[in-house]
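Q: Return a 3D structure for these sequence lines:
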Amino acid sequence: MRIVFSALSLLFTLFVFSQQPATEKPKKSLIKSAEQKAKELAQKAPITSYRIISLERDTTYVDTSLTIKKEYEYNYLRKDNFGLLPFANEGQTYNTLQFGLNAFSPYPEFGYKAKHFNYLEANKINYYSVATPLTEMYFKTVMQQGQSSDVLITLNTSERLNFSMAYKGLRSLGRYINQLSSTGNFRFTTSYATKNKRYFLNAHYTGQDFLNGENGGITTLEDFESKNSDYKERQRLEVYLKDAKTFMKGKRIFFDHNFRVNTTQGNNNLWITHQFNYENKFFEYNQATVTSTIGDKSINRFGDPFVSSGINDQVRYNKMYNKVGAVYENTTLGKFQFFVDDFRYNYYYNAIFVLSNQVIPSSINDNINSFGAQYEYRKKKWNGVFLYSNSITNQSLTNIDGSLKYKINDKNQLSFQYQNMNKLPNHIYNLHQSSYVNYNWFNNFKNEKINNIQINANTQWFNATLQAATLNDFLYFEDKSTNDSIQLVTPKQYANTINYLSVKVNKEIKFWKLALDNTVLYQKVDQQNDVLNVPRLVTRNTLYWSDYYFKKALYLQTGITFNYFTKYYANNYNPVIAEFFVQNKKEIGDFANFDFFVNARIRQTRIFVKAEHFNSALSNTNAFYSAPNYPYRDFLIRFGLVWNFFQ
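A: Now for the predicted structure:
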């Protein structure tokens with residue numbers, strides 16, 4: 001109740017300060033002066049002067065409106081997380097319900113993907129161009145003892161030079177034993193263009209770290225599901241690991257710049273481009289006490305260890321990427337680019353492991369060179385990008401990627417994307433060292449072959465996405481243990497073909513001040529063995545009311561969101577490798593999740609109050625999970641705001 005009273009007090013305070021005092025009327029001359037000043041400011045800096053620019057130079061504008069999309073994006077990831085199932089504590093990992101959310105790169109990656117949901121990759125960093133300094137503040141309460149915040153400051157020292165600095169921080173203790181989350185994302189960006197517009201630069205630096213307590217899940221599901229009042233305090237539930245933790249950090253220096261060879265811009269232009277990316281990552285799994293106690297039994301959750309205590313597995317990764325190209329630009333025909341790139345990596349441990357039947361090396365490293373061509377056409381209603389690249393070194397790496405968009409009118413647009421990729425395995429599949437005997441391997445897996453087609457229709461009647469993918473030599477993790485209390489996870493490569501099909505439809509129906517927003521996802525997998533597991537149906541439905549109050553000083557939005565997915569054998573989570581693995585012992589899903597929210601906008605401030613999963617407090621049983629052994633979130637009231645300052 002203290003949280004509710006705090007939220008209502010905050011709303012009441014903002015209501016009061018947003019109104020003019022009724023007993024005192026300002027002079028007419030002052031009113032005119034204020035109105036004239038506001039008009040002059042609006043003329044000098046319209047909202048289109050506050051631009052957000054992606055790496056691909058797609059431009060959007062700062063948006064201070066309050067829509068149902070803003071409700072969906074008000075979360076730890078700061079994006080619509082439909083298709084992702086969060087774990088119980090903020091800042092933990094997510095189970096993936098929608099396979100289409102996975103992005104593919106032909107180059108080998110670090111791995112430890114469960115730690116990367118909030119890791120900002122180079123193509124996710126935005127750049128800015130603002131008429132006046134802009135500040136955005138995000139704040140949200142968490143489960144227990146902490147808070148989540150994200151602050152951005154950006155300014156232009158001149159029309160051609162921009163700087164931005166941002167930091168997203170989180171600390172949340174959580175409601176279960178050993179579930180602390182403490183994360184930080186720092187990023188600094190700059191954009192520059194010469195006066196004659198011959199040279200452009202986008203550059204950034206990021207420093208990111210993620211610390212999580214890893215409890216391995218609850219040991220006795222019956223205690224959780226029974227609704228026994230003894231376990232209403234979640235810290236009374238026994239967990240497998242009481243002092244284990246994972247830690248990952250990464251640093252990156254990145255710049256993308258181009259120079260026009262001809263002195264004046266005309267119908268035909270020649271550009272020289274260069275992109276540089278240097279990044280290092282570090283992952284650690286730490287477990288002080290090896291033996292877990294379940295009732296009167298003692299077990300080793302991850303099998304036999306080499307040591308009796310103090311497990312501290314560490315791995316490091318460095319990569320450097322350079323891409324140099326030449327672009328011929330014709331205002332009628334589009335852009336033709338030819339490039340070569342150099343990708344170098346070093347993935348390494350501090351020692352060589354010698355086992356009874358295998359030698360585990362300390363590192364794997366390589367140098368990959370590729371050449372490619374790209375054609376880009378952006379004119380009138382058509383927008384297309386077509387890419388082909390192939391390795392010129394001894395690695396078998398190819399990538400064909402094409403996208404085409406056609407804008408029928410302002411309300412209707414069609415797009416098509418095709419990707420054919422020969423992908424090198426992520427490093428964790430080929431090499432891993434651990435103080436646990438069964439978590440040491442050295443492999444030479446074949447490349448994954450991925451064919452993916454996606455068709456989007458954004459219309460005035462509905463939005464729909466059709467995706468069809470064919471996967472060969474698919475890599476995954478599997479638990480080979482027959483004991484439910486022990487996880488012996490190893491990498492596998494599937495020898496057969498996997499066919500994936502999904503259809504996602506979104507439609508919002510409005511009547512008077514009411515609206516019903518519906519998103520439905522249907523997925524079908526054709527495979528001989530259960531390797532790629534997803535729920536058949538995922539849905540989100542929101543019924544809400546919107547209206548203005550207090551002479552339109554306050555815009556209010558309130559409603560209920562229903563989330564649901566059908567039962568399936570969801571992947572389980574393993575903290576030693578920070579990856580999800582395939583299992584066929586326990587199904588999760590088929591539980592209703594209702595959220596009640598009240599959101600408000602006052603000028604550039606958006607206030608959010610939500611009662612999350614409130615129906616769990618009314619249910620007779622608990623049967624809601626994010627993964628086997630990992631319960632989903634309980635009923636909780638949270639609030640916060642997003643505040644934009646235009647100076």
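Q: just the strands in the stretch 251-400 of the chain please.
A: 268-289, 292-294, 297-299, 309-330, 334-348, 353-354, 359-360, 363-379, 382-391, 398-409 (DSSP state E, counting those that start in this stretch).
Q: If you could redo that for the stretch 501-647 of the chain, that was the one I meant.
A: Under DSSP E, counting those that start in this stretch, the stretch 501-647 of the chain gives strands at 514-526, 537-549, 554-565, 572-574, 579-581, 593-602, 605-612, 625-627, 630-631, 636-646.
Q: Turn these into CSV, including mean neighbour count, mean pLDDT and distance to L101.
A: In short, each C-beta sits where N, CA and C put it, glycine included. Converted to CSV, the strands of the stretch 501-647 of the chain look like this (neighbours: other Cβ atoms under 10 Å; pLDDT from 0 to 100; distance: least, Cβ to Cβ, whole Å):
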stretch, mean neighbour count, mean pLDDT, distance to L101
strand 514-526, 17, 97, 10
strand 537-549, 16, 96, 11
strand 554-565, 18, 97, 14
strand 572-574, 23, 97, 17
strand 579-581, 21, 97, 13
strand 593-602, 20, 96, 19
strand 605-612, 21, 96, 22
strand 625-627, 23, 95, 16
strand 630-631, 23, 96, 19
strand 636-646, 18, 94, 24
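Q: Relative to S619, which of those strands is closest?
A: strand 593-602 (10.5 Å; Cβ to Cβ).
Q: Pull the residues that contact that closest one.
A: Residues from elsewhere that reach strand 593-602, judged by Cβ atoms under 8 Å, 6 or more residues apart in numbering: 11, 14-15, 18, 64-66, 70-71, 544, 553-564, 606-615, 624, 632.
Q: hang on, the earlier thing: which among the strands of the stretch 501-647 of the chain is found nearest to D341?
A: Nearest of the strands of the stretch 501-647 of the chain (Cβ to Cβ): strand 579-581, 27.8 Å.
Q: quick one on the thing from earlier: in CSV, list the strands of the stretch 251-400 of the chain along with distance to G216, mean pLDDT and mean neighbour count.
A: Below are the strands of the stretch 251-400 of the chain laid out as CSV (distance: least, Cβ to Cβ, whole Å; pLDDT from 0 to 100; neighbours: other Cβ atoms under 10 Å):
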stretch, distance to G216, mean pLDDT, mean neighbour count
strand 268-289, 10, 97, 17
strand 292-294, 7, 86, 16
strand 297-299, 11, 90, 11
strand 309-330, 13, 96, 16
strand 334-348, 26, 96, 17
strand 353-354, 24, 88, 13
strand 359-360, 24, 92, 13
strand 363-379, 29, 94, 15
strand 382-391, 40, 94, 17
strand 398-409, 38, 94, 16
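Q: how about these, which one is nearest T93?
A: Across these, closest to T93 is strand 268-289 (Cβ to Cβ), at 13.4 Å.
Q: what residue ranges in the chain score low on pLDDT?
A: Along the chain, segments meeting pLDDT under 70 span 1-44.
Q: Please give me every residue in contact with the residue nearest the centre of the chain.
A: Against the mean C-alpha coordinate of the chain, by Cα atoms, centre = their mean, the closest residue is F117 at 4.4 Å. F117 sits next to 77, 84, 93-94 when contact means Cβ under 8 Å, 6+ apart.
Q: sorry, back to before: kindly reformat the strands of the stretch 501-647 of the chain as JSON lines and extend each row with distance to G217.
A: Shown next, in JSON lines, are the strands of the stretch 501-647 of the chain (distance: least, Cβ to Cβ, whole Å):
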{"stretch": "strand 514-526", "distance to G217": "25"}
{"stretch": "strand 537-549", "distance to G217": "23"}
{"stretch": "strand 554-565", "distance to G217": "20"}
{"stretch": "strand 572-574", "distance to G217": "8"}
{"stretch": "strand 579-581", "distance to G217": "13"}
{"stretch": "strand 593-602", "distance to G217": "20"}
{"stretch": "strand 605-612", "distance to G217": "21"}
{"stretch": "strand 625-627", "distance to G217": "8"}
{"stretch": "strand 630-631", "distance to G217": "5"}
{"stretch": "strand 636-646", "distance to G217": "20"}
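Q: Which one, of those, ends up nearest to T331?
A: Per Cβ to Cβ, nearest to T331 of those: strand 636-646, 35.2 Å.
Q: strand partners of that closest one, parallel vs antiparallel please.
A: Each strand paired with strand 636-646, and its direction, by DSSP bridges: strand 134-141 (antiparallel), strand 605-612 (antiparallel).
Q: okay, those in a markdown table with distance to P361 next?
A: Formatted as a markdown table, the strands paired with strand 636-646 follow (distance: least, Cβ to Cβ, whole Å):
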| stretch | distance to P361 |
| --- | --- |
| strand 134-141 | 44 |
| strand 605-612 | 47 |
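Q: E233 is nearest to which of those strands?
A: Of the strands paired with strand 636-646, nearest to E233 by Cβ to Cβ is strand 605-612, at 18.5 Å.
Q: tilt between that closest one and strand 593-602?
A: Per axes from the mean of the first three to the mean of the last three Cα atoms, to 10 degrees, the angle that strand 605-612 makes with strand 593-602 is 160 degrees.
Q: Give me the contact list for strand 605-612.
A: 7, 10-11, 14, 64, 66, 70-71, 74, 140, 595-601, 633, 635-644.
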